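Colleague: using only what follows, build the 3D model:
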Amino acid sequence: MIDMKLLRETPELVRENIRKKYQDAKLPLVDEAIELDKALRGAIQEAQELRTARNALSKQVGVLMGQAKKDPSKLEEAERVKAEVKKDADRLAELEALETELDGKLHKIMLVIPQIIDDSVPLGPDDSCNVEVERFGEAVVPEFPIPYHTEIMESFGGIDLDAAGRVSGNGFYYLLGDIARLHEAVLAYGRDFMIDKGFTYCIPPFMIRGNVVEGVMSQTDMDAMMYKIEGEDLYLIGTSEHSMIGRFIDQILPVESLPQTLTSYSPCFRKEKGAHGIEERGVYRIHQFEKQEMIVVCKPEESRDWYEKMWRYSVELFRSMDIPVRQLECCSGDLADLKVKSCDIEAWSPRQQKYFEVCSCSNLGDAQARRLKIRYKDEDGKMRLCHTLNNTCVAPPRMLIAFLENNLQADGSVKIPEVLRPYMGGKEVLIPNK
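Modeller: Numbering: from 1, shown residues only. This next block holds a predicted model:
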């Protein structure tokens, strides 16, 4: 959500930003918001003037009623002033109702107008225009064939999709044995990796209220992702970022407490609507998975530096597990409406001989903070909005695909990088049992 003052004073800047995001259908919203804001401010001003006048008239009635005890002729004047007070009160009630109506309409529009993107964001209508920035590690294609990831898992007796389908339907899985242990090892390593970077470990609520959902994501994203609990104002989180940022709702944070750097574990639940190709079957695109996340709440002047640090943490983590990756800068049309800047970290798939997304790092500027009223007082005592950032540390289902393909050996075994061995009981290699 952008600042109404920014829209009011520089509407063309907001329009140009909408054009950069290839959302021309939203252009009329700028004029609608300006008109609603004008009407709202007019109603507020008139209401304030009426309250001032009513208070003065009320005092006048009191004086006249006191005088009427000695001079009955004052009673008629008192009744006339009473009628004026009643008239003003009726108009004030109308204005208060109008304020509520106008504010609701304006708020709804402001939720839809996209955040102002960073000047460095490449322009383009969709993800086909995302820009590769840098590669890390050598993308190797081995001489032996790489099976599909579920086939590799099945060779270890490590996955049961059929049973999950009978129990829960498509988009779910059972992980077993060494594969399940590897899943937890990656999460535990990701947790300790972030703790070593100075982040505070957190396990958040896995359900959040509707006002928090509205604060952390757009309506479009919510409809596409979130599962709602029937009969309650609760939603299952699609990522722990939602409840982690929600933790600071309506808070004025001590300036000395910033930045807040947190790493969180959670299960994640997503609708993942739509048909998907063969490469998105198995455990690539699923309704339930677990993830280690990183979030930062900081001063505005610090958010660019944190953005750079956070995506580089992902690169370091994946390279420590012998997985080649690249950084892909998201173009304007591929940015969610709350994001100022975003990039994906993509892992190399030797089987597909291409990269695929495993992490997404985003700077949301003050968008979430404005919606949730997350503020701090600066050194001069001025109230300011925080900036918020988030990044995937590691999400094992997709990460497991990259891990298994890149660490698979010709005999079907999978080598365990040194950093994971303490979490795998010291094992250096996994031997298939099928």
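Colleague: which residues does residue 184 contact?
Modeller: With contact taken as C-beta atoms under 8 Å, 6 or more residues apart in numbering, residue 184 is in contact with residue 423. C-beta: built from backbone N, CA, C; applies to glycine.
Colleague: give me that answer again for 10 Å
Modeller: Residue 184 makes contact with 175, 290, 396, 423, 424, according to C-beta atoms under 10 Å, 6 or more residues apart in numbering.
Colleague: wait, a strand at it?
Modeller: No - using DSSP: H, G, I helix; E, B strand; the rest coil, the assignment for residue 184 is helix, not a strand.
Colleague: residue 93: how many residues sit nearby?
Modeller: Neighbourhood size, residue 93 [other C-beta atoms under 10 Å]: 11.
Colleague: same thing with residue 34?
Modeller: By other C-beta under 10 Å, the burial measure for residue 34, its neighbour count, is 16.
Colleague: who's in contact with it?
Modeller: Neighbour list for residue 34: 4, 7, 8, 11, 14, 106 [criterion: C-beta under 10 Å, 6+ apart].
Colleague: quick one: residue 204 from residue 293, how far?
Modeller: 9 Å (C-beta to C-beta, to the nearest Å).
Colleague: out of the contacts of residue 34, which are inside strands?
Modeller: Assignment to strands by DSSP state E places none of the contacts of residue 34 there.
Colleague: ok, and for stretch 100-109, which residues are buried?
Modeller: Of all the residues in stretch 100-109, those buried under the rule 16 or more other C-beta atoms under 10 Å are 102, 106, 109.
Colleague: what of stretch 258-269?
Modeller: Across stretch 258-269, burial judged by 16+ other C-beta under 10 Å covers 258, 259, 260, 261, 262, 263, 264, 265, 266, 268, 269.
Colleague: which stretches of the stretch 51-200 of the chain form strands?
Modeller: Ranges of strands within the stretch 51-200 of the chain are 131-136, 159-160, 174-175, 200-202, based on DSSP state E, counting those that start in this stretch.
Colleague: now render the ones you listed as a markdown table, adding mean neighbour count and mean pLDDT.
Modeller: Shown next, in a markdown table, are those (neighbours: other C-beta atoms under 10 Å; pLDDT from 0 to 100):
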| stretch | mean neighbour count | mean pLDDT |
| --- | --- | --- |
| strand 131-136 | 13 | 97 |
| strand 159-160 | 20 | 95 |
| strand 174-175 | 18 | 96 |
| strand 200-202 | 13 | 98 |
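Colleague: mind checking the ones you listed for the one nearest to residue 304?
Modeller: Proximity to residue 304 (C-beta to C-beta) singles out strand 131-136 among the strands of the stretch 51-200 of the chain, at 15.3 Å.
Colleague: mind listing the strands that closest one pairs with, and their directions?
Modeller: Each strand paired with strand 131-136, and its direction, by DSSP bridges: strand 325-329 (antiparallel).
Colleague: next one: the partner strand to chain centre, how far?
Modeller: Centroid displacement of strand 325-329 relative to its chain, using C-alpha atoms, centre = their mean, to the nearest Å, is 20 Å.
Colleague: go on, stretch 183-200?
Modeller: 21 Å.
Colleague: okay, it in PDB with CA atoms only?
Modeller: Once non-C-alpha atoms are left out, stretch 183-200 reads as follows in PDB (Å, rounded to 0.1, in the frame of the first residue of the first chain):
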ATOM      1  CA  HIS A 183      14.400 -33.700   4.600                       C
ATOM      2  CA  GLU A 184      14.800 -32.900   8.300                       C
ATOM      3  CA  ALA A 185      18.600 -32.600   8.100                       C
ATOM      4  CA  VAL A 186      18.300 -29.900   5.500                       C
ATOM      5  CA  LEU A 187      15.800 -28.000   7.700                       C
ATOM      6  CA  ALA A 188      18.000 -28.300  10.800                       C
ATOM      7  CA  TYR A 189      21.100 -27.200   8.800                       C
ATOM      8  CA  GLY A 190      19.200 -24.200   7.400                       C
ATOM      9  CA  ARG A 191      18.100 -23.300  10.900                       C
ATOM     10  CA  ASP A 192      21.600 -23.500  12.300                       C
ATOM     11  CA  PHE A 193      23.100 -21.700   9.300                       C
ATOM     12  CA  MET A 194      20.800 -18.700   9.900                       C
ATOM     13  CA  ILE A 195      21.400 -18.700  13.700                       C
ATOM     14  CA  ASP A 196      25.100 -18.500  12.900                       C
ATOM     15  CA  LYS A 197      24.400 -15.400  10.800                       C
ATOM     16  CA  GLY A 198      22.900 -13.800  13.900                       C
ATOM     17  CA  PHE A 199      19.200 -14.400  13.200                       C
ATOM     18  CA  THR A 200      16.900 -15.400  16.100                       C
END
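Colleague: good, we can wrap up now.
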